[in-house]
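Enquirer: The following block contains a protein sequence and its predicted model.
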Number of protein chains: 2
Amino acid sequence: MDPSKVKIPPMKDLTVDNITENVHTINSLCEDERMKYILERLVTHLHDFARETRLSTDEWMTGLRFLTEVGQICTEVRQEFILLSDVLGLSILVDSIDHPKPPGSTEGTVLGPFHTHDAEEMPAGESMSHDPKGEPLLVVCTLKDMEGRPIDDVKIDIWETDSTGHYDVQYAGRDEPDGRCIMRSDKSGVFWFKAITPVPYPIPHDGPVGRLLTKLHRHPYRPSHMHFMFQKEGYDHLVTALYLRNDPYETSDAVFGVKDSLTVDIGKAGPEIAKKYNVPEGHALLTYDFVLVSDAETFELRAKNSKTALDKLGRKVKIVNGLPVPDLD
Amino acid sequence: MDPSKVKIPPMKDLTVDNITENVHTINSLCEDERMKYILERLVTHLHDFARETRLSTDEWMTGLRFLTEVGQICTEVRQEFILLSDVLGLSILVDSIDHPKPPGSTEGTVLGPFHTHDAEEMPAGESMSHDPKGEPLLVVCTLKDMEGRPIDDVKIDIWETDSTGHYDVQYAGRDEPDGRCIMRSDKSGVFWFKAITPVPYPIPHDGPVGRLLTKLHRHPYRPSHMHFMFQKEGYDHLVTALYLRNDPYETSDAVFGVKDSLTVDIGKAGPEIAKKYNVPEGHALLTYDFVLVSDAETFELRAKNSKTALDKLGRKVKIVNGLPVPDLD
């Protein structure tokens, strides 16, 4: 395009008070309504942040240098911006907005940076951990829909650290997946496997995000947990985790993942369970009943929540492709 | 520190509605009051942004990837985060907050990414541009304080592009500064030099920020301008620029730098000026009277503006080291 031909609406003389309006004006030619709305809110909050803190030039420069470092430490196996989003509580918030859960369904939580796409499918009853130092754990779960009907053939990604608190991908010499697997629920919606009892671990804290935590007098630890991800056509993608009750970091998770409904006790296998799953009596046992929500119900709930939240803010919106944009009609 | 000994106040079960409060809780141990206040506002606005846009997981990931790219394209001579801040209007806003100008003083504007620290001091009347294709321009300026008294011996950085719209640092083979110099005001507060008439040019737009502008249907151009930076002990550091009136991009500057009070006409040297400065009659002429503000007056005005702005928001603050923090006493 010939830039001098772009008919940008003329801006006014710029001041602290009208700069925001002027940026909205110059962005107003964007044809993607959703993007325009996102930019409008982004610019408003960015400017209000500066106005409310009376941000100094030095502080602004410190912030830009910090963000530059966050970007520069990222590699194919390290995503420091996700980590930053995690420790600021943004990741869990976005998950809660995008995957709303009606009462009775299993809540979601943060994905974290350690999910991979190379885990292998494992038959029921096998062990996904090969760490001899971990405490052996039997995990027996069910998977149902909101009406209590079993859901079979759901693809379930499961991953956890080894007994030292490290995921397989954190080892330089990793040549195959460990501490992770893919399972399928059976006709009764059951899936069961062997693992090790999860342990707490620190998120990577040798970079800019770790330095930020130190300045805030925060620790980088996550309480003991095991990750689960459920996928089946027709059901809302569920990313969640189970947390161990009474973990020292249960109420101070560095990435805000813990939810009451996802916190569990490690039990002991009684005679019946021990016999059925072929483990010694008293073997550590984790059980949980997961409940998935249909895509349709999630779509409807998400749109309803959006309307309610934005009505409360006095913004008239319409839902396009499941997401709100200003309703100017 | 032993992280399990950190006495972080326990957080509640996390929801869309209480996550912000929980992040404030976990950040509340920060001992730097100013940093705590900045984080509190940052987290509030970040979360409100997500809540008001109902940000989806895909959009969140797109945003994080964009920021990662912005960080990764940065080098010693390219600062894409400053550019991003510029095109979102944040840079000009922060400058306006940090360097408030009382009526009668010269307004500031964006520094931009092309100032260097290797320009050489030049005697009055010399030419700072060696581009034979530029239109020769005589620049005659005065420098006074708020009481109209001349200020001598101010260090003045001046920089502009060549006639093709490129700064010297944008050429790979640059071995010495060109199109930039340092001058000192004389006893009468005057400084004068030769340059070329500024031309419009695009900001670097081959990276993620350029792609953002394209999506927003914005052009990357800045209207013709010449940069000035003034430094003298006791006076507020002034970063400013003069813009040419009727430039095709005067009302659509990609980085929001233009202000009415900084917009000038290029005149023609009359017989007197021509004789005094040894140029032909009719030679292109730029004149401007700059007015600097004292450090003390700026400090006071900044604190007063902060109080007023935050009072309006209903926040009780006190000013510490010139910057506001919540007043909890």
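Expert: Looks like it arrived, so ask away.
Enquirer: Excluding chain neighbours, give the residue nearest to residue A:81 in space.
Expert: Leaving aside its sequence neighbours, residue A:81 sits nearest to residue B:64 (C-beta to C-beta, 6 or more residues apart in numbering or on different chains; 4.3 Å). For every residue, glycine as well, the C-beta is placed using N, CA and C.
Enquirer: Just checking, which helix or strand of chain A averages the lowest pLDDT?
Expert: When the helices and strands of chain A are scored by mean pLDDT, DSSP states H and E, strand A:317-320 comes last with a mean of 86.
Enquirer: quick one: contacts of it?
Expert: Applying C-beta atoms under 8 Å, 6 or more residues apart in numbering or on different chains, the set of residues contacting strand A:317-320 from outside is A:33-34, A:303, A:306-307, A:310, A:324-327, A:329.
Enquirer: Kindly recompute the last result at 6 Å.
Expert: Outside of strand A:317-320, the residues within contact range by C-beta atoms under 6 Å, 6 or more residues apart in numbering or on different chains are A:303, A:310, A:324, A:326-327.
Enquirer: for the record, mean pLDDT for the helix or strand immediately after that strand in the chain?
Expert: Next in sequence after strand A:317-320, counting helices and strands by DSSP states H and E, comes strand A:323-326. For strand A:323-326, the mean per-residue pLDDT is 88.
Enquirer: If I look at residue A:2, what pLDDT would I see?
Expert: Listed pLDDT for residue A:2 reads 58.
Enquirer: try residue A:12
Expert: pLDDT, residue A:12: 68.
Enquirer: Can you report how many residues lie near the spatially closest residue to residue A:10 that is not a sequence neighbour?
Expert: Nearest residue to residue A:10, sequence neighbours excluded (C-beta to C-beta, 6+ apart): residue B:251, at 3.6 Å. Other residues lying near residue B:251 total 17 when counted by other C-beta atoms under 10 Å in any protein chain shown.
Enquirer: Quick check: which element contains residue B:251?
Expert: Per DSSP H and E, there is no helix or strand for residue B:251.
Enquirer: show me the contacts for the residue of chain A found nearest chain B.
Expert: Distances between chain A and chain B by C-beta to the nearest C-beta are smallest at residue A:71, namely 1.2 Å. Counting by C-beta under 6 Å, 6+ apart, residue A:71 makes contact with B:68, B:71-72.
Enquirer: May I see the buried residues of stretch A:200-208?
Expert: Within stretch A:200-208, the residues that qualify as buried by neighbour count (16 or more other C-beta atoms under 10 Å in any protein chain shown) are A:200-205, A:207-208.
Enquirer: ok, of those residues, which one's closest to residue B:103?
Expert: Of all those, residue B:103 sits closest to residue A:208, with 41.7 Å by C-beta to C-beta.
Enquirer: any idea how far residue A:307 lies from residue A:144?
Expert: In this view, residue A:307 and residue A:144 are 29 Å apart by C-beta to C-beta, to the nearest Å.
Enquirer: Neighbour count for these two, which is higher?
Expert: Per other C-beta under 10 Å, whichever of residue A:307 and residue A:144 has more neighbours is residue A:144, with 19 against 15.
Enquirer: Which ones among the contacts of residue A:71 map onto strands?
Expert: With strands defined by DSSP state E, no entry of those lies inside them.
Enquirer: Could you tell me which residues make contact with residue A:36?
Expert: Taking C-beta under 6 Å, 6+ apart, one finds residue A:30 in contact with residue A:36.
Enquirer: My understanding was that the residue nearest to residue A:10 contacts residue A:13; is that so?
Expert: No: Residue B:251 lies out of contact with residue A:13 (C-beta atoms under 6 Å); the separation is 10.0 Å.
Enquirer: buried residues in the helix or strand in which residue A:41 is found?
Expert: For residue A:41, the host element (DSSP H and E) is helix A:33-53. Within helix A:33-53, the residues scored as buried using 16+ other C-beta under 10 Å are A:34-53.
Enquirer: Also stretch A:165-179?
Expert: Neighbour-count burial for stretch A:165-179, with 16+ other C-beta under 10 Å as criterion, is recorded at A:165-170, A:177-179.
Enquirer: what's the most distant pair in the residues you listed?
Expert: Based on C-beta to C-beta, the longest span within the buried residues of stretch A:165-179 runs between A:165 and A:177 and measures 17.5 Å.
Enquirer: who's in contact with the residue nearest the centre of chain A?
Expert: By C-alpha atoms, centre = their mean, chain A has its centre lying nearest to residue A:110, at 2.4 Å. Residues near residue A:110 by C-beta under 6 Å, 6+ apart: A:91-92, A:255, A:257.
Enquirer: What sits closest to it if chain neighbours are left out?
Expert: residue A:257 (4.5 Å).
Enquirer: does that neighbour count as helix, strand or coil?
Expert: What DSSP: H, G, I helix; E, B strand; the rest coil gives for residue A:257 is coil.
Enquirer: and if you look at residue A:9?
Expert: Residue A:9 - assigned by three-state DSSP - is coil.
Enquirer: From residue B:105, how far out is it?
Expert: Taken as C-beta to C-beta, the span from residue A:9 to residue B:105 is 30 Å.
Enquirer: With neighbour numbers in mind, choose between the two.
Expert: Neighbour totals were compared for residue A:9 and residue B:105, and residue B:105 leads with 23 against 11 (other C-beta under 10 Å).
Enquirer: my read is that one is in a helix, agree?
Expert: No: counting by three-state DSSP, residue B:105 falls outside a helix, being coil.
Enquirer: OK, contacts around it?
Expert: Applying C-beta under 6 Å, 6+ apart, the residues near residue B:105 are B:291, B:293.
Enquirer: For it, give its distance to chain A.
Expert: The spacing between residue B:105 and chain A, counted by C-beta to the nearest C-beta, to the nearest Å, is 14 Å.
Enquirer: quick one: contacts for the closest residue to residue A:178 other than its chain neighbours?
Expert: Closest residue to residue A:178 apart from its sequence neighbours, by C-beta to C-beta, 6+ apart: residue A:168 at 4.5 Å. The contact partners of residue A:168, by C-beta under 6 Å, 6+ apart, come to A:174, A:177-179.
Enquirer: With only the CA atoms kept, save stretch A:134-152 in CSV.
Expert: Only the C-alpha atoms of stretch A:134-152 are listed here, as CSV (Å, rounded to 0.1, in the frame of the first residue of the first chain):
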residue,chain,number,x,y,z
GLY,A,134,9.8,-43.2,43.7
GLU,A,135,7.1,-44.6,46.1
PRO,A,136,5.0,-47.0,44.0
LEU,A,137,1.4,-45.7,43.6
LEU,A,138,-1.7,-47.4,42.2
VAL,A,139,-4.0,-45.0,40.4
VAL,A,140,-7.6,-46.0,39.7
CYS,A,141,-10.0,-43.5,38.0
THR,A,142,-13.4,-43.3,36.4
LEU,A,143,-14.5,-41.0,33.6
LYS,A,144,-18.1,-40.0,33.3
ASP,A,145,-20.3,-37.4,31.6
MET,A,146,-22.6,-34.9,33.4
GLU,A,147,-25.4,-37.5,33.4
GLY,A,148,-23.2,-40.1,35.2
ARG,A,149,-22.7,-42.2,32.1
PRO,A,150,-19.2,-43.8,31.5
ILE,A,151,-17.2,-42.3,28.6
ASP,A,152,-15.1,-44.8,26.8
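Enquirer: pLDDT averaged over that stretch, what's the number?
Expert: 97.
Enquirer: Show residues contacting it.
Expert: If you take C-beta under 6 Å, 6+ apart as the criterion, stretch A:134-152 is touched by A:154, A:163, A:185, A:187-197, A:277, A:279, A:283-292.
Enquirer: if we can go back for a sec, what's the per-residue pLDDT of the residue nearest to the centre of chain A here?
Expert: We have a pLDDT of 92 for residue A:110.
Enquirer: How about the residues of the stretch 51-200 of chain A by chain B?
Expert: A:52-57, A:60, A:64, A:67-68, A:71-72, A:74, A:81, A:88-90, A:93-94, A:96-98 (C-beta under 6 Å from any C-beta of the partner chain).
Enquirer: Filter those down to the ones in helices?
Expert: Secondary structure from DSSP state H places A:52-53, A:57, A:60, A:64, A:67-68, A:71-72, A:81, A:90, A:93-94, A:96-98 of those in helices.
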